[in-house]
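*Asks:* quick one: sequence plus predicted model below, questions after.
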Amino acid sequence: MVLPSDFADAQTRAVHLARRTSLGVGGTPRWLFEPEDQAACVQIVRLCLAHGVPLLVLGGGCNLLVEDGRIEAAVIATKRMRTFEVHEDRVVVGAGNGFPDLVRRSLHLGIPGLPGCPGIPGSVGGVVFMNAGGRFGSVSDALIEVEGVDTQGQPFRQTIHPGDLGYRSSPFRGSIVTGAAFKRDPAWTPERSAALYHKAMDWKRESQPLAARSAGCMFKNPSEGISAGRLIDDAQLKGLRVGGAMVSTQHANFIVNIGDATAADVQSLIEQVRTRVRAVHGVDLELEVEVWPAPEARA
Ligand SMILES: Cc1cc2nc3c(=O)[nH]c(=O)nc-3n(C[C@H](O)[C@H](O)[C@H](O)COP(=O)(O)OP(=O)(O)OC[C@H]3O[C@@H](n4cnc5c(N)ncnc54)[C@H](O)[C@@H]3O)c2cc1C
């Protein structure tokens with residue numbers, strides 16, 4: 001691919017995504033943009049469309065498995081989009097804010113559900129895109145509006161209705177989420193919020209390897225009430241290793257990087273887990289983690 005001259009704003013020095021992802025594996029994108037606002041994102045999307053360059057969006061890198069080697073795509077990192085406005089009825093935040101910071105601040109801002117989301121790393125844009133959450137709360141409990149740029153380079157602002165976001169999914173695939181608004185509710189007092197926060201944090205610390213390098217849960221739960229981790233555990237796969245990648249001994253749905261894992265190690269381990277779970281339980285596990293390059297971005 002030839003470098004278009006108007007890609008001057010992009011960084012073209014080698015930026016290893018292994019250093020920008022929590023799993024710590026992955027190669028180098030051809031271009032990296034770090035815009036500060038929605039208007040800059042519009043320009044970048046239009047530029048990429050004009051040159052036929054695939055575009056990938058990077059938040060906190062906490063739910064990503066990036067392949068090894070060169071990635072023939074432009075990556076747009078949201079980390080500089082950090083506005084944070086507190087209004088009487090809502091909080092409006094840029095996509096690049098850290099979600100753990102928003103969760104901590106939610107204790108005093110009265111944002112429904114978010115106090116139940118401690119220990120979920122990543123950016124606000126990433127958690128909106130994934131509808132991140134767990135048994136004590138999720139992003140969709142409080143999300144009321146999303147601002148972004150669509151696949152055609154058009155800015156949008158969308159009101160969110162109940163049911164618009166699903167289990168670890170949102171309607172924003174392909175778009176760039178540049179900001180989000182969360183409702184405030186006086187019924188979520190600091191005392192109520194703190195109680196939920198501590199309960200959820202205790203459960204997280206006990207059940208998940210939070211200090212290890214991982215991308216969180218590798219697979220989606222196949223259905224409500226059936227946990228992917230339980231299926232993997234029952235198939236006796238805890239501790240299974242390929243190179244530097246290992247099925248966590250604490251939580252079977254986490255694959256951890258215990259040394260110098262490569263993406264190829266992780267992918268090989270994923271396939272072994274899937275094959276074994278299919279053989280033991282007759283269940284096909286679907287990835288929760290996003291793999292880059294996505295099929296539509298492969299050169
Ligand atoms: C230790 C650990 C614990 C975790 N626990 C949980 C948990 O309890 N519940 C849970 O749901 N998740 C959990 N996760 C996974 C992760 O925190 C969430 O999926 C989170 O939403 C990832 O956000 P991110 O900004 O890091 O996204 P990234 O990893 O940067 O990106 C993930 C996907 O979102 C897309 N994306 C990111 N930002 C944007 C944007 N602004 N606009 C459009 N698309 C975007 C990317 O293109 C990619 O497809 C955990 C992860 C770890 C490492």
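*Replies:* Arrived safely, thanks for sending.

*Asks:* what's the spacing between the residue lying closest to residue 216 once chain neighbours are set aside and residue 108?
*Replies:* Once flanking residues are discounted, residue 216 sits nearest to residue 63: 5.9 Å by Cβ to Cβ, 6 or more residues apart in numbering. Quick note: C-beta positions are derived from backbone N, CA and C, even for glycine. To residue 108, residue 63 is 27 Å away according to Cβ to Cβ, to the nearest Å.

*Asks:* quick one: low-confidence parts of the stretch 151-299 of the chain?
*Replies:* Scanning the stretch 151-299 of the chain with the threshold set as pLDDT under 70 gives 294-299.

*Asks:* please redo it, this time with the cut-off set to 90
*Replies:* 162, 166-169, 173, 223-225, 259, 293-299 (pLDDT under 90).

*Asks:* tell me the residues of it that contact the ligand?
*Replies:* By Cβ under 6 Å from any ligand atom, the residues of the stretch 151-299 of the chain that approach the ligand are 172, 175, 176, 177, 208, 210, 214, 215, 216, 290.

*Asks:* neighbour-wise, which of residue 63 and residue 108 wins?
*Replies:* Neighbours were counted for residue 63 and for residue 108 using other Cβ atoms under 10 Å; residue 63 has more, 25 against 13.

*Asks:* the more buried one contacts residue 130, correct?
*Replies:* Yes: counting by Cβ atoms under 8 Å, residue 63 touches residue 130, with 6.0 Å between them.

*Asks:* next, show the common contact partners of the two.
*Replies:* residue 122 (Cβ atoms under 8 Å, 6 or more residues apart in numbering).

*Asks:* ok, the residue nearest to residue 216 - contacts?
*Replies:* Contacts of residue 63 by Cβ under 8 Å, 6+ apart are 122, 126, 130, 132, 215, 216, 288, 289, 290.

*Asks:* who's in contact with stretch 87-95?
*Replies:* Under Cβ under 8 Å, 6+ apart, the answer for stretch 87-95 is 37, 59, 78, 81-85, 102, 105, 109, 111, 123-126, 128, 144-145, 148, 176-184.

*Asks:* the strands in the stretch 51-200 of the chain, which residues?
*Replies:* Using DSSP state E, counting those that start in this stretch, the strands of the stretch 51-200 of the chain run over 55-58, 64-66, 70-77, 84-86, 90-94, 133-134, 137-138, 143-149, 155-159, 176-183.

*Asks:* for those, which one sits closest to residue 263?
*Replies:* When those are compared by Cβ to Cβ, strand 64-66 sits nearest residue 263, at 6.2 Å.

*Asks:* could you list the domains of the chain?
*Replies:* Annotated domains of the chain cover 5-80, 84-204, 209-292 [automatic domain parsing].

*Asks:* now the second one, how far from the chain's geometric center?
*Replies:* This points to domain 84-204. Mean-position distance between domain 84-204 and its chain equals 13 Å (Cα atoms, centre = their mean, to the nearest Å).

*Asks:* which ones are touching the closest residue in space to residue 185 that isn't next to it in sequence?
*Replies:* Nearest non-adjacent residue to residue 185, counting by Cβ to Cβ, 6+ apart: residue 112, 5.1 Å away. By Cβ under 8 Å, 6+ apart, residue 112 lies in contact with 137, 141, 142, 183, 185, 187, 188.
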